[in-house]
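A.B. asks: with the sequence up front, the predicted model follows.
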Amino acid sequence: MKAILIIADGLGGRPTDLGGATCLERAHTPNLDRLAAQGALGLMDPIRPGVRPGSDTSHLSIFGYDPFQVYTGRGAFEALGIGMEVRGGDVCFRANFATVEERDGELIVVDRRAGRLAEGKELEGAINGIDLSDLGVEFSFRASTEHRGALVLRGEDLSAAVSDTDPHETGVPIAQARALEESQAARRTAEILNAFTRRAYEVLKGHPVNRRRAEQEKPPGNALLLRGAAVMPHLTPVTEEYGVRGACIAGGALYKGVARAAGLEVLVVPGATGDLKTDLAAKAKAALDALSDYDFLFVHIKGPDNASHDRDAEAKKGFIERIDREFFGTLLGGLDLSRVHLCFSGDHTTPPATGEHTADPVPVLFCGPAIRPDRTDRFSERAAGEGGLGRFSGRLVPQLLSYCDFGPKFGA
Ligand SMILES: [Zn+2]
């Protein structure tokens, strides 16, 4: 038996979204309605009632982890999500290439994004050539899109209780990292960051990429700003706990990162951009292919949350209709629902009226041979409130895998 979980980010809404109805309620969704008629609906509090979820904490909860126990910040998941090797105990940072000017020995930030340079990959090698062995620490840096990247520190006696070197403004010096707690590990980590920052400037300032940018009158990427220190939590992969092979199809790095932390392989799907332009049919085709190789597949679709943050209720409704037509239309054309358990939900509610995540529960749909059907025949928040699954908190992945008879028994 196979399992597929599809999460539409920020799917849930409020009756204030579109004149007395949510975007999902107003949307024309014949494929989802057909699944609702075959399966069962319920409402999920992504973390627990009244907790306003972030996308990372809600996904941890959906995967069966308790975010109050394991969550340490988004940095580790971002680093994992861009393909870095990150182990439990590593300290991760988000990094920006920036432009600085040296004045009286200080490095003054003049552009926090170095003109959104495109040559991060060319500069990556120079950064990774920096020697920190005198400080007893290993590190790895990876450039991602534009000026962005991530840094992972590995070694004994490190701490994430350190302040950012990113001053978050221009015209001021790169900030000195400081210990945020009274510990030798925090002081030592701050010293390492300050040494790394200086050495990064030394290798970047005369780099051929930056000489070329100077000739083109573009701001050089001659410094790295670090922020959001987070230690990688020790998580038991769900693939290990349930004895399954799992994979993930997603555009956004954060979701790929949570999936990797949970033991899933991240599949490369051209056109899966993680925004409103994403190729939903390509994602569905990739999902159908992957289901022959994996027991469990997690598909993340970011669009509804983007439209919600843009406070554009019509765009959210339109994107939900695209999910129904392009994603589910393609998926259901090739899916044998007698051999697959499917779950569709959101990771939280994002009402376009507020443009922010809210704690309201989200609708959940389960479908497959082991699911007891209920009387619902429409997929929406309102229908989900009358669904046979009732209301529960998170843990979609454990429920889905249990319907497929994967996983250990608790007790005798
Ligand atoms: Zn989200």
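C.D. replies: The structure has been received and is ready for your questions. Computed from a predicted model, the values in this text were never measured in an experiment.
A.B. asks: all the strands of the stretch 201-350 of the chain, in order from the start?
C.D. replies: In the stretch 201-350 of the chain, the strands defined using DSSP state E, counting those that start in this stretch lie at 223-231, 246-249, 265-266, 296-301, 340-346.
A.B. asks: ranking those by burial, who's on top?
C.D. replies: The highest mean neighbour count among these, using mean count of other CB atoms under 10 Å, belongs to strand 296-301: a mean of 27. For glycine as for every other residue, the C-beta is placed from the backbone atoms N, C-alpha and C.
A.B. asks: what's the distance between that one and the middle of its chain?
C.D. replies: Between the centre of strand 296-301 and the centre of its chain there are 12 Å (CA atoms, centre = their mean, to the nearest Å).
A.B. asks: picking up where we left off before, any idea which of the strands of the stretch 201-350 of the chain gets closest to residue 17?
C.D. replies: Nearest to residue 17 among the strands of the stretch 201-350 of the chain is strand 340-346 (13.4 Å), distances taken as CB to CB.
A.B. asks: tell me the helices and strands packed up against the closest one.
C.D. replies: strand 2-8, helix 30-38, strand 362-367, helix 396-403 (3 or more CB pairs under 8 Å, 6 or more residues apart in numbering; DSSP states H and E).
A.B. asks: picking up where we left off before, dump the strands of the stretch 201-350 of the chain into a markdown table; add mean pLDDT and distance to residue 358 as well.
C.D. replies: As requested, these are arranged in a markdown table below (pLDDT from 0 to 100; distance: least, CB to CB, whole Å):
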| stretch | mean pLDDT | distance to residue 358 |
| --- | --- | --- |
| strand 223-231 | 94 | 24 |
| strand 246-249 | 98 | 26 |
| strand 265-266 | 96 | 29 |
| strand 296-301 | 98 | 19 |
| strand 340-346 | 98 | 11 |
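A.B. asks: closest one to the ion among those?
C.D. replies: Closest approach to the ion among the strands of the stretch 201-350 of the chain (CB to the ion): strand 340-346, 7.7 Å.
A.B. asks: follow-up on the earlier one: JSON lines for the strands of the stretch 201-350 of the chain, including distance to the ion?
C.D. replies: JSON lines is the format used below for these (distance: least, CB to the ion, whole Å):
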{"stretch": "strand 223-231", "distance to the ion": "17"}
{"stretch": "strand 246-249", "distance to the ion": "15"}
{"stretch": "strand 265-266", "distance to the ion": "18"}
{"stretch": "strand 296-301", "distance to the ion": "9"}
{"stretch": "strand 340-346", "distance to the ion": "8"}
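A.B. asks: please save the CA atoms from stretch 352-368 in CSV.
C.D. replies: Presented in CSV, the C-alpha positions along stretch 352-368 are these (Å, rounded to 0.1, in the frame of the first residue of the first chain):
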residue,chain,number,x,y,z
PRO,A,352,-6.3,37.0,2.8
ALA,A,353,-8.0,39.6,4.9
THR,A,354,-5.2,39.5,7.5
GLY,A,355,-2.4,38.3,5.2
GLU,A,356,-1.0,36.4,8.2
HIS,A,357,-1.0,32.8,9.5
THR,A,358,-3.8,32.3,12.0
ALA,A,359,-4.6,29.4,14.4
ASP,A,360,-7.9,28.5,12.8
PRO,A,361,-8.2,24.7,12.0
VAL,A,362,-7.7,23.6,8.4
PRO,A,363,-9.8,21.1,6.4
VAL,A,364,-8.4,17.6,6.0
LEU,A,365,-9.4,14.9,3.4
PHE,A,366,-8.4,11.2,3.7
CYS,A,367,-9.2,8.8,0.9
GLY,A,368,-8.3,5.2,0.2
